[in-house]
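Q: need coordinates for the following:
(chains A and B)
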Amino acid sequence: MIFDPEFLLSALRVATPLMIVAIGVLVAERSGVLFLGVEGVMLCGALFGILGAVYSGDPWIGVACGLAAGVVAGLVTAALVVWIPTDQVVMGLAMNIAAIGATSFVFRMASGDLQQMSPSIDWSVPSWASDVPGFAFLLGIPPLAWVAFIIYIVVWYVLFHSAPGLLLRSVGQSVKAANSAGLNVPWVRTVALAIAGGLAGVGGAALTVGWVRSFSDDITAGRGFIALAAVYFGRWYPRWTLLGCLLFGVGEALALRSQAFGGNPHLYLMIPYVLTICVLAFSQSGRAPREVGKPYEKH
Amino acid sequence: MENFLRTIGKRLWRIAAGLIVTGAFAATPAAAQDKVKAAVIFGVSNPASVNGWDRGHYQGVRKLIDDYGWDVNIAENVPFPLIASTAENYAKAGYQVVIFTSSGQYKAWDQVAPNYPETTFAMMSTTSTLPATKNVVAYEPDFFAYGVINGLIAAQATQSNKIAGVAGLPVKAVEDMFSGIVEGSKAANPNAEFLHAISGDWTNIPRAREVTALQIQQGADVVLGNAGVGTRGILDASQSGKAKFIGYATDWAEDAPDIVLTSVILGIDGWYDALAKDVVSGKVEPTIHRFGAQSFSVMPLNGKLLGEEQITKIEDSVRRYQAGELTVPVVQHKLK
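A: Residues are numbered from 1 along each chain as shown, chains lettered A, B, ... in the order given. Predicted coordinates for the structure are as follows:
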């Protein structure tokens, strides 16, 4: 009863927002920027995603709004940590705290229209298909999970098999070398943060529009940080990062299902977090891009 | 000299005029000063938007303002460690009534009330004891009876004989309500099985959603949710899983008209009404006022989800229970 197709779907629903956000974090960190403000950017995407979906009546417009909000938040991050530049840790934390207040404020102003759930993004399974187990399972996968896999393939290809990806990674590895080669480091990082912000925004929209169809204050509840942990677990490689997110999804789905055994539910609810700590503790220590967290100052 | 005296005269005239105006303004708030100053402490943000328990309290607050003309200040999103200091600040600021909206705020109630005898501290939630002071009062629902009514409805509406109940945390109110559901459903349909689960907190919508999805997967076709903000996740899972949903505390029909079977109204505004009457008449005493089965009401059952005969049967059983014609044994079940 615990491990069945519905369990996998539940794990995928949990993991989908994380996968999209984590790929965004990966892009930012590969360019040498510590994207600690990802939680706040995700929260902005979550709010504007649901606003877009409710006001337009189309969930995909909601996802586009989440993307746009994320890009804007990513560009704000870039202005602060790349162009000024301020301390990346302090600015990341400030972004997160500011986002909680700002989204709560906007949500309150708009909450009159948010009493209703946003329209569903899921595909409806035709009655004939619901009897075919494999087909029903495939249609049960959240549409944004497919989007996450496509994003993963694109990011993996661009980062490791294309010239722009090489440029981005070189900026993250050595600013001096990139400068010597004539690269415009601030612009590369700005583009990376716009992409990262956009993905974090889509991840937020995947949480609200694609999953629970509603918004509440601080709905991300640390999911941005979990995505950050998944990138560290994945040693800044897309496939391992994706695996980290899926592992967390499995842990959360397992925690919810284990309640069927009885006992204290809080014991089970610890599973995904304990799993994350264990995996991080026992995974091989990876080498982060060398410039991560260092402010760029052209000499 | 003449100029000086004229100037002084003008200034004195202005001062006198100013004093008259100030006096007039000071006299105007005399009516305002007659207003009862009350403060309400919420653990959630924007309670009006959180359907269920918190919106019920918000409706009660509106009653104090609209029907009784009270001057009410609302503190939202107050974390548990700050509840005592928030209540204390209101008492120090001269508020006559401080209202707690959750049984989780009991510790702060117990801690602060004895130090401010001029302020009335009211608990609007489940409590079995009162702080040792005269300036306290409590208004609580009989959650067991509330659960029985929910159980009677769910057990007669289920086709799979499985009912799901999802709560945020296993607090006493939830244990009482779930015990009532078990006994109520047993009384109406001996084959009905009650599946319950805990989502882990009152704010996590995604987790509440997944827990409910699991209950539906296990065969439940009627869902009851009491998970605070997380109840929206329960509603969403019910909608996705095509299960019937019974609304908690306030009316949920507008949120999802296609699946909301009915809502069992706690009538929280009635508790506020009782408090206002007690305060105005000066009859606040350290008592726990209990609101039983008759104080709850059931919204019209959804005719698209049930047949007419079924609706009549359910309505009749609820009526008989509320009238005391149907006896349901009070058995306390411990949540696993």
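
Q: which residues of the stretch 101-250 of chain B lie near chain A?
A: Applying C-beta under 8 Å from any C-beta of the partner chain, we find that the stretch 101-250 of chain B lies next to chain A at B:170, B:197-198, B:200, B:203-207, B:209-211, B:213-214, B:217-218, B:229, B:232-233, B:235-236, B:239-240. C-beta coordinates here come from the backbone N, C-alpha and C atoms, glycine included.

Q: how about a cut-off of 10 Å?
A: B:167, B:169-170, B:195-201, B:203-218, B:228-230, B:232-233, B:235-237, B:239-240 (C-beta under 10 Å from any C-beta of the partner chain).

Q: in helices only, show me these.
A: If you go by DSSP state H, these have B:205-217, B:232-233, B:235-237, B:239-240 in helices.

Q: any idea which helix or strand carries the closest residue to residue B:144 other than its chain neighbours?
A: Nearest residue to residue B:144, sequence neighbours excluded (C-beta to C-beta, 6 or more residues apart in numbering or on different chains): residue B:180, at 4.2 Å. Using DSSP states H and E, residue B:180 sits within helix B:172-188.

Q: how far does that helix sit from its chain's centre?
A: 19 Å (C-alpha atoms, centre = their mean, to the nearest Å).

Q: and that helix, average pLDDT?
A: Helix B:172-188 shows a mean pLDDT of 95 in the predicted model.

Q: what's near enough to touch the closest residue to residue B:179 other than its chain neighbours?
A: Nearest residue to residue B:179, sequence neighbours excluded (C-beta to C-beta, 6+ apart): residue B:333, at 4.3 Å. Contacts of residue B:333 were listed using C-beta atoms under 10 Å, 6 or more residues apart in numbering or on different chains, and they are B:147, B:175-176, B:178-183, B:194, B:196.

Q: make TSV out of those residues and add neighbour count.
A: Below are the contacts of residue B:333 laid out as TSV (neighbours: other C-beta atoms under 10 Å in any protein chain shown):
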residue	neighbour count
B:147	30
B:175	20
B:176	21
B:178	25
B:179	22
B:180	27
B:181	29
B:182	23
B:183	22
B:194	23
B:196	22
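
Q: tally of neighbours for the one residue in the stretch 51-200 of chain B that gets nearest to chain A?
A: Of all residues in the stretch 51-200 of chain B, residue B:198 sits closest to chain A, at 4.1 Å by C-beta to the nearest C-beta. Neighbours of residue B:198 under the rule other C-beta atoms under 10 Å in any protein chain shown: 25.

Q: over to the one 5 residues further on?
A: The burial metric for residue B:203, expressed as a neighbour count using other C-beta under 10 Å, is 22.

Q: does it touch residue B:228 like I think?
A: Yes. In this structure, residue B:203 is within contact of residue B:228 by C-beta atoms under 10 Å, at 6.2 Å.

Q: helices along the stretch 201-336 of chain B, start to end?
A: Secondary structure of the stretch 201-336 of chain B, counting by DSSP state H, counting those that start in this stretch: helices at B:205-217, B:231-240, B:268-280, B:308-322.

Q: go ahead and confirm the residue of the stretch 51-200 of chain B closest to chain A touches residue B:204.
A: No. With contact defined as C-beta under 10 Å, residue B:198 does not reach residue B:204; the gap is 11.1 Å.

Q: where do the contact lists of those two overlap?
A: Taking C-beta under 10 Å, 6+ apart as the contact rule, residue B:198 and residue B:204 both touch A:269, B:168, B:211, B:227.

Q: how about the first one: what's its closest non-neighbour residue?
A: Okay, so that is residue A:269. In space, residue A:269 is closest to residue B:200, 4.5 Å off (C-beta to C-beta, 6+ apart).

Q: output the below-cut-off pLDDT ranges for the chain.
A: Since you didn't name a chain, this refers to chain A. A:1-3, A:112-116, A:124-125, A:129-130, A:260-263, A:284-285, A:298-299 (pLDDT under 70).

Q: hmm, no, I was thinking of chain B.
A: Applying pLDDT under 70 to chain B flags residues B:1-33, B:336.

Q: who's the closest spatial neighbour of the residue of the stretch 51-200 of chain B closest to chain A, skipping the chain neighbours?
A: Residue B:198 sits nearest to residue A:265 (C-beta to C-beta, 6+ apart), 4.1 Å away.

Q: quick one: contacts for that neighbour?
A: A:255-256, A:258-259, B:167, B:169-170, B:197-200, B:211, B:335-336.

Q: wouldn't residue B:250 be in contact with residue B:226 here?
A: No. Residue B:250 lies out of contact with residue B:226 (C-beta under 10 Å); the separation is 12.0 Å.

Q: tally of neighbours for the residue of the stretch 1-150 of chain A found nearest chain B?
A: Proximity of the stretch 1-150 of chain A to chain B (C-beta to the nearest C-beta) peaks at residue A:111, 4.2 Å away. Residue A:111 sits with 16 neighbouring residues when counted by other C-beta under 10 Å.

Q: how near is the residue lying closest to it once chain neighbours are set aside to residue B:314?
A: Nearest in space to residue A:111, with sequence neighbours left out and distances taken as C-beta to C-beta, 6+ apart, is residue B:49 at 4.2 Å. Relative to residue B:314, residue B:49 is positioned 30 Å away (C-beta to C-beta, to the nearest Å).

Q: between residue B:203 and residue B:228, what contacts are shared?
A: A:216, B:43-44, B:50, B:168.
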